[in-house]
Structures are given as C-alpha cells and as structure tokens.
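J.: attaching a predicted model along with its sequence, questions to come.
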Amino acid sequence: MQATRERILKILKERGQATVKELSEVLDLTTVTIRHHLDTLRREDLVAAPDVRHRKAPGRPQHVYTLTEEASDFFPKRYERLIDFMFDEIRSHFSDEEVEEMMVRIGKRIARSITISPSAGLEERVVVAATFMDERGYMADWEKTADGNYRIQVANCPYEGVAGRHSEVCRIDQTMLRELLGVSSEEIKRVASPPRHCIYVIKPV
C-alpha cells in the first residue's frame, strides 16, 4: 500500500476519527492530496463515508473520517500467546478427549453459521466453503482433480502460529468442512504441503 495511505490509516486507528484538515496538518500535505487518498481508501472499503460535523461558530461543516470494520484486518494481530495461555488453562481442567470434543463443537457451530441450500451438490458446497475461508483471510482456493476428487488449499492458516503446539485447533476447520460438505471423516483428509500450506482432499461418496 502507498505509504501516505498507510499513515492515514494509522492516524485514524490511533485517533478514532479525523478531518481532512487535521490529516493535512499532521502529514504536511494539501487538503486536495488528502482527499485523493481518502477517496482511494473509501473505494478499498478501508475508510467509511464521512460524517458531517457542524461547527459551533460560523463556517462550513467539517467531514469526519473513520475506519471501516474491514480496516481492522490491515493492522497486525498477535493472538498466539493468548491462545497458548487459554489452551494451558483448558488442559488443566479437561482431558485430551474433552478438548478434542470442544474443538469439534466449535467447528460444527461455524458450519451452522454458513448459509447454503440443503439441495446443493458437493461442488457447490466446496465453492461455498472455499469462499467462506478465503473471505476470512485463509487465502483459500479449490480445484477438481483428474481423479474426480476436490481439493481446497489454504495458504494462510489463521492457526499457523499455534497449530504446532496445539494440534487440536486444526480439528475446528476439519469439522467445519466435514459438516458443511456433508461427507464423512473417511472422505476428507488434511495433508501438509510446503511451504506451510494445508490441503483438504475431499473424496465424493
């Protein structure tokens, strides 16, 4: 991303909101330039449409800009340490079997949140699943292979930083896919694929 637009996003993140004039003063750029960058960020769904702020004193109203919910993905999150603590606490109270069951229940809950027609065929379900994962940052793609199987490849697993220490977390996506695709555990398997990719192979019944 262009450096000036990155700085605008960071300012809006820190302040919560800002006017064109305020951004202009902080960045030492003309208001015309600031508006150009804001228009670009709005097209990218990172900055919301401005709210109008009426002045108490005479003068033209000001337009106040804020970030969209989508902009939160621009800022890095570090959840690995928190998840480590959570799993340590969970394991101190539950058995391995109970932790596994907990991950399965989470996967089922996610699957129930995804809208799909009950009459949808397997390929349509694969498309919905891959799209759902891709929209949530998994960088997921799918294909139908020559042997008639389907593959969903994930290039950006959200659990990558913790899966090595807490392999149970992988059960969430495995269960979600199994429930959504309507296949049994025998018809879907996860295989490792360097560099750090996950591939789910789905075998039609």
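T.: Received it, and whenever you're ready, just let me know what you need.

J.: and residue 12, what is it in contact with?
T.: By CB atoms under 8 Å, 6 or more residues apart in numbering, the contact set of residue 12 is 18, 47, 65-67, 71. The C-beta positions use only the backbone N, C-alpha and C, and glycine is treated the same way.

J.: rerun that using 6 Å as the cut-off
T.: 18, 67 (CB atoms under 6 Å, 6 or more residues apart in numbering).

J.: now the element after the longest helix anywhere in the chain, going C-ward?
T.: Scanning the chain for the longest helix, with DSSP state H as the assignment, gives helix 96-112. Downstream of helix 96-112, the next assigned helix or strand under DSSP states H and E is helix 122-135.

J.: what helices or strands is the helix or strand following that next one leaning on?
T.: As assigned by DSSP H and E, the chain's next helix or strand after helix 122-135 is strand 140-144. With contacts taken as 3 or more CB pairs under 6 Å, 6 or more residues apart in numbering; DSSP states H and E, strand 140-144 sits against helix 122-135, strand 150-154.

J.: tell me the angle strand 140-144 makes with strand 150-154.
T.: If you take axes from the mean of the first three to the mean of the last three CA atoms, to 10 degrees, strand 140-144 sits at 160 degrees to strand 150-154.

J.: export strand 140-144 as CSV, just CAs?
T.: Extracted in CSV, the C-alpha atoms of strand 140-144 (Å, rounded to 0.1, in the frame of the first residue of the first chain):
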residue,chain,number,x,y,z
ALA,A,140,-8.1,-20.5,0.1
ASP,A,141,-8.6,-21.9,-3.4
TRP,A,142,-10.2,-25.0,-4.7
GLU,A,143,-10.0,-27.3,-7.7
LYS,A,144,-11.3,-30.6,-9.0
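
J.: that one pairs with which strands, parallel or anti?
T.: Strands that pair with strand 140-144, judged by DSSP bridges, come out as strand 150-154 (antiparallel).

J.: could you give the mean pLDDT of the helix or strand just after the strand it pairs with?
T.: Downstream of strand 150-154, the first helix or strand assigned by DSSP H and E is helix 160-163. Taken as a whole, helix 160-163 carries a mean pLDDT of 76.

J.: got a list of contacts for helix 160-163?
T.: Contacts of helix 160-163 (CB under 6 Å, 6+ apart): 80, 83, 169-170.

J.: geometric centre of this structure: which residue is closest?
T.: residue 136 (2.9 Å; CA atoms, centre = their mean).

J.: relative to residue 3, how far out is the residue lying closest to it once chain neighbours are set aside?
T.: Closest residue to residue 136 apart from its sequence neighbours, by CB to CB, 6 or more residues apart in numbering: residue 158 at 7.5 Å. Here the criterion is CB to CB, to the nearest Å. By it, residue 158 lies 27 Å from residue 3.
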